[in-house]
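Asks: sequence and predicted structure are below.
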Amino acid sequence: MSGVNARRATKPGAAVSWRRFAALAFVGLIATASTLMGAGTAAAASDGRIVSVNSDGTLLNVVFAATGLAAGQSIDPASVTMNVGGKAIPSEAKAIGTTGAQDPIAVLAMDVSGSMAGARLTAAQAAARQFLQTVPPSTKVGLVTFSDTATERVKPTNDRGAVTKLIDGLSAAGDTALYDATVLATKTVGVSGPRTIVLFSDGTDTSSKATLRSAQTAVKDSGAVLDAVSLGTDTAQVAALKALAVSGKGQVIATSNLNQLTAAFTEAARDITNQVTIVGKVPAALAGTNGNVTVGAKAGGASISDSAFVTIPTAATSAPANAQDFGPIAVQSASSPFTNPLVIVLGALLLFVGLAALLAVALRSDTPAERREQKVTRKLSIYTLSGRGAVQTSQTTALGDSGVARSAVDLANRVVVNRDFETMLSLRLERAAIPLKSAEWLLLHIGVALGGALLLLLLSGGKLLPTIIGLIIGVLLPGAFLSFRERRRKSAFLTQMPETLQLIAGSLSSGYSLPQAVDAVVQDATPPMSTEFNRALIEARLGVPIEDALDGIAERMQSVDFSWVVMAIRIQREVGGNLAEVLTTVAATMRERERLRRQVEVLSAEGRLSAWILGSLPVVFALYLLLTRPEYLQPLYTTLLGWVLLILAGILMVVGVLWLSKTVKVEV
């Protein structure tokens, strides 16, 4: 519909235009974001989170917490359920502070910078005292303060009086070392048990030596929960605290009202109170496996749950693994004969002996059949005129002139001939200028494939899947190398073609015949042009028409441009004309096309490099994980969902690579 018709179709009282609608939607989005980050401590919906999880192979210990519960609400220990990999396991839950439950640890990180002076510090001190009264009596509380620098005031302790006295004696001055305080709090909170850091600040970082990224890493590595209380709703301030809370799988409570500061600290304390410790018995069938541990419970009349990845060792040798850190987990290696040092040494010795025996056999210049033939020849030599046996010339191969090498090449030659594979492979080897016969290349191809499989077999400790991947890489790598050599040689041929045609045209203008002009190219040009023209000149001297010999160059190099040149030579031979002038014009045209081709390659270099990186990075990283931490990838090839994801990822990878290659490939 045209613009005029569109305006006519608009009736009075119709909806606002799409531009106005987009503006209103944008304003609504900003208002929604402001509401979510606004100056208040509106209650969030209740949810569950796994604070920590560890296993010794027999028992699975989990600390589970509820967030966003109202006052008086808590997790019902009787409603707690736990399963690993979708399989329910028997478990017992106990509330924090009861007999048999792990004692929690909390660290208060308080902002005492100059901006906190006066009423702000007084409100923060009152909120901190309320925090101490709200957390369970068994909770050990530590205190870290920060202004210009971060200071550990007291390590986690049950002495509430000592912590309260330190809080009452705080004074405000200096800048804000927020990130340094976060790193220090992760060290103060310890490395085991239910641990929570309550980080309070009224501004952004101004004096830390640490960065936001390093503070996030410290929180994540510690495995402690980090809840942040923000006095102020400045976007940059809340964003920094949000980043730290996400690393600690916690929450941000933002308020600009001093009267609501106590409620914010109380909410953080209730999250510590609303924790249960769960002990589950791991079935023998799950020992040595990994998967997601899922905990569900009832709290405040609502269902809450959370999941975390866990690796269950086969023996009680694992260190605690936290739900917030999905990094490497110490597990007992799977038993394999290839992991035994004695077996590895014995295998290396057997491999050395086998290679030595193979080398000794390969260095023999004759086979048993040849030795029998030589014996018969010596016996019959007395009946010849000279009394000497016939001199036999040995067949030399690129792999050596030994009997083993000749036998292997003969066998491979029969394979390529019977499979009608020799013609195509020979043409590709000639095009790539690789001085090997089809049978010799086939043997090298098989050797690379077996070598790749053997290499990954040894690197992976005898696992089957890496061995298969090594075999696949070994099968594909020689073909990729051959294609690379073909493309590079063809590109060099196209680059040299304008100068070559100019040289032929100049020789013809000087009175040379076409064969003499070709000989001038052989003398003055460089490979691959000189090599191809030398072959054409030899064929012409053996009786092949010079046009047919040059046409062979175009066929071997798959050059449409050169085939047109040969066509021009044929036409000139039949109808006459000035061939030098024709070749000069063609050379000028090709020179411009080559300049344009190079310009296109420069402009598309970034896209082509991106295609290579994006296409190879997932494969390379998956191979690295397969060799170093195969248990991470095990669900991908041991479960139905994993296979579906692998197939889907493969399809998307192929489509993406083809799309990128078509995008950056420009025909000139």
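Replies: Perfect, thanks for sending it. Numbers count the residues shown, from 1 in each chain.

Asks: so residue 108 is in which element?
Replies: Per DSSP states H and E: residue 108 is located in strand 105-111.

Asks: could I get the buried residue list for the very next helix or strand once past that strand?
Replies: The first helix or strand that comes after strand 105-111 along the chain, using DSSP H and E, is helix 119-134. Within helix 119-134, the residues that qualify as buried are 120-121, 123-125, 127-129, 131-132, 134, counting by 16 or more other Cβ atoms under 10 Å. Placement of C-beta: from N, CA and C, glycine included.

Asks: from the contact counts, what lies against the helix or strand that helix 119-134 is followed by?
Replies: Following the chain from helix 119-134 toward its C-terminal end, the next helix or strand by DSSP H and E is strand 140-146. The elements that strand 140-146 packs onto, with contact taken as 3 or more Cβ pairs under 8 Å, 6 or more residues apart in numbering; DSSP states H and E, are strand 105-111, strand 150-157, helix 160-168, helix 178-188.

Asks: give the partner strands of the shortest one in its sheet and their orientations.
Replies: In this case it means strand 105-111. According to DSSP bridges, strand 105-111 has the following sheet partners: strand 140-146 (parallel), strand 195-201 (parallel).

Asks: can you confirm residue 171 is in a helix?
Replies: No - looking at residue 171 with DSSP: H, G, I helix; E, B strand; the rest coil, it is coil, so not inside a helix.

Asks: contacting residues for the residue lying closest to it once chain neighbours are set aside?
Replies: Excluding its sequence neighbours, the residue lying closest to residue 171 (Cβ to Cβ, 6 or more residues apart in numbering) is residue 112, at 6.8 Å. Residues near residue 112 by Cβ atoms under 8 Å, 6 or more residues apart in numbering: 121, 145-147, 170-174.

Asks: try it again at 7 Å.
Replies: By Cβ atoms under 7 Å, 6 or more residues apart in numbering, the contact set of residue 112 is 121, 145-147, 170-172.

Asks: please apply the same query to residue 268.
Replies: Taking Cβ under 7 Å, 6+ apart, one finds 131, 198, 227, 229, 253 in contact with residue 268.

Asks: make a markdown table out of those residues and add pLDDT.
Replies: Written out in a markdown table, the entries for those read as follows (pLDDT from 0 to 100):
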| residue | pLDDT |
| --- | --- |
| 131 | 91 |
| 198 | 93 |
| 227 | 90 |
| 229 | 92 |
| 253 | 88 |
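
Asks: which SS class is residue 305?
Replies: The assignment at residue 305 comes out as strand when based on three-state DSSP.

Asks: bridging residues for it?
Replies: With DSSP bridges applied, residue 305 shows beta-bridge pairing to residue 296.

Asks: any idea how far it is from residue 521?
Replies: 78 Å (Cβ to Cβ, to the nearest Å).

Asks: just to revisit the earlier point, in JSON lines, list the helices and strands packed on strand 140-146 along with distance to residue 510.
Replies: As requested, the helices and strands packed on strand 140-146 are exported to JSON lines (distance: least, Cβ to Cβ, whole Å):
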{"stretch": "strand 105-111", "distance to residue 510": "89"}
{"stretch": "strand 150-157", "distance to residue 510": "86"}
{"stretch": "helix 160-168", "distance to residue 510": "101"}
{"stretch": "helix 178-188", "distance to residue 510": "79"}
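
Asks: which residues touch the closest residue to residue 160 other than its chain neighbours?
Replies: If the residues on either side of it in the chain are set aside, residue 160 comes closest to residue 132, at 5.4 Å by Cβ to Cβ, 6+ apart. Under the criterion of Cβ under 7 Å, 6+ apart, the neighbours of residue 132 are 141, 160, 163-164.

Asks: same thing with residue 630?
Replies: Contacts here follow Cβ under 7 Å, 6+ apart; on that basis residue 630 touches residue 463.

Asks: chain center to the host helix or strand of residue 608, what's the gap?
Replies: Element membership of residue 608, judged by DSSP H and E, is helix 605-628. Mean C-alpha position of helix 605-628 versus that of the full chain (Cα atoms, centre = their mean, to the nearest Å) differs by 6 Å.

Asks: so for that helix, what's the average pLDDT?
Replies: Averaging pLDDT along helix 605-628 yields 84.

Asks: tell me the pLDDT of the residue nearest to residue 171.
Replies: 93.

Asks: what do you get for residue 28?
Replies: In the prediction, the pLDDT value recorded for residue 28 is 45.

Asks: kindly report the same for residue 33.
Replies: According to the prediction, residue 33 has pLDDT 41.

Asks: and the residue nearest to residue 160, how far is that from residue 66?
Replies: In this structure, residue 132 and residue 66 are separated by 21 Å, where distance is defined by Cβ to Cβ.

Asks: what does residue 553 give?
Replies: When Cβ to Cβ is the yardstick, residue 553 and residue 66 sit 79 Å from each other.
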